[in-house]
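Next input, structure requested:
(one chain, ligands or ions: 1)
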Amino acid sequence: MKKFNAFILSFLITCMVVTVSCDKNGDIVLFSINNDISLGQQVAAEIESMPEQFPILDRSSNIEAYTYLEGMMNSILASSSVTYRTEFPWKVNIIDDPETLNAFATPGGQIYVYTGLIFFLDTEDHLAGVMGHEIAHADQRHSSKQLQRQYGVSVLLSIITGGDPGLLTQIASSLGTLKFSRDAEAEADDFSVLYLADVNDYACNGAAGFFQKLLDSNAQTQPEFLSTHPSPDNRVADINAKATEEGCDTTMGADAVSDYDEFKAALSN
Ligand SMILES: [Zn+2]
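Next up is the predicted model:
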């Protein structure tokens, strides 16, 4: 028995010190939060070096659009339901590709939103809902865990230390089509509602508006949104049920629509 306790004790100590990391839920993780941040920054640098695949909208000549989108991101990050809101170096990028209806997040909080998605949506509540969903994928470590499953922890660690540039390119290229589990998708939808409920700047079921619009238009999105098992109509129902459970505001403000129109106009210039 003593031996067993000593084993537990040494395990806990290891957890608190260096060899093994624990996340804020107390779960032991082999790939730490700092690893998430490093991998995210390396992937972001790789994405930046691939302008043909990822034409990132220049910040200095699109100040108005970036100010708007960063304001939205920071508003959502004010939610106390975001676990790593102060630890992750959150950053949002706009990919200038009006044909692509997608958004994605790297581990460690680098968010990418395609102009195709921005133009497709009608109100900022819908975009805030999608952004909340992407923030949740990074914050709940879905992206990190999915990559760990796909490539293995040791391979990912070797990428961070510069060991496999080819694989880094592969990960950067495929992140927008990373397939999450049904549970991860449902969890990201739920957190989107929770974040928006906390900050009270947007209709808390904004993500449902996005999926409803998909249903109404028969638009083809990228797999980040299509590959998921809860079908869009189930997701609309689930997101609305979560909003009812939270008792949060689901009204869409008229002013918000014109702000969003100005944002879209700034992007079209
Ligand atoms: Zn997702």
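
Not including adjacent chain positions, what is the nearest residue to S158?
D164 (5.6 Å; Cβ to Cβ, 6 or more residues apart in numbering). Every residue, glycine included, has its C-beta placed from N, CA and C.

so the one you found touches L157, yeah?
No: at 10.2 Å, D164 and L157 do not qualify as touching, with contact defined as Cβ atoms under 8 Å.

A265: neighbouring residues, count only.
Residues near A265, counting by other Cβ atoms under 10 Å, number 11.

can you check L214 too?
20.

how close does it get to M50?
The gap separating L214 from M50 is 27 Å, by Cβ to Cβ, to the nearest Å.

Just list what the helix or strand harbouring G71 packs against, helices and strands only.
Per DSSP states H and E: G71 is located in helix 63-77. Helix 63-77 is packed against strand 91-95, helix 124-139, helix 182-199, helix 254-268, with contacts defined by 3 or more Cβ pairs under 8 Å, 6 or more residues apart in numbering; DSSP states H and E.

Any chance of CSV for these, columns distance to A207 and mean pLDDT?
Formatted as CSV, the helices and strands packed on helix 63-77 follow (distance: least, Cβ to Cβ, whole Å; pLDDT from 0 to 100):
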stretch, distance to A207, mean pLDDT
strand 91-95, 17, 98
helix 124-139, 3, 97
helix 182-199, 5, 95
helix 254-268, 15, 83
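
hey, which of those is tucked in deepest?
Across the helices and strands packed on helix 63-77, averaging neighbours per residue (mean count of other Cβ atoms under 10 Å) puts helix 124-139 on top, at a mean of 27.

and the angle for that one with helix 182-199?
Using axes from the mean of the first three to the mean of the last three Cα atoms, to 10 degrees, the inter-axis angle of helix 124-139 relative to helix 182-199 is 120 degrees.

From the contact counts, what lies against helix 124-139?
helix 63-77, strand 103-105, strand 110-114, helix 115-120, helix 142-151, helix 182-199, helix 206-217, helix 254-268.

what about those, which gets the closest to D36?
helix 142-151 (4.8 Å; Cβ to Cβ).

Give the buried residues for whatever helix or strand comes next after that closest one.
Heading C-terminal from helix 142-151, the first helix or strand you meet, by DSSP H and E, is helix 153-160. Buried residues in helix 153-160, counting neighbours by 16 or more other Cβ atoms under 10 Å, are found at 156-157, 159-160.

after helix 153-160, next one along is what?
Criterion used, DSSP H and E; the element after helix 153-160 is helix 165-174.

Kindly report the domain assignment for this structure.
1-30, 34-268 (automatic domain parsing).

Determine which stretch of these is the most buried.
domain 34-268 comes out most buried of the domains of the chain by mean count of other Cβ under 10 Å, with a mean of 19.

Figure out how far it is from the centre of its chain.
4 Å (Cα atoms, centre = their mean, to the nearest Å).
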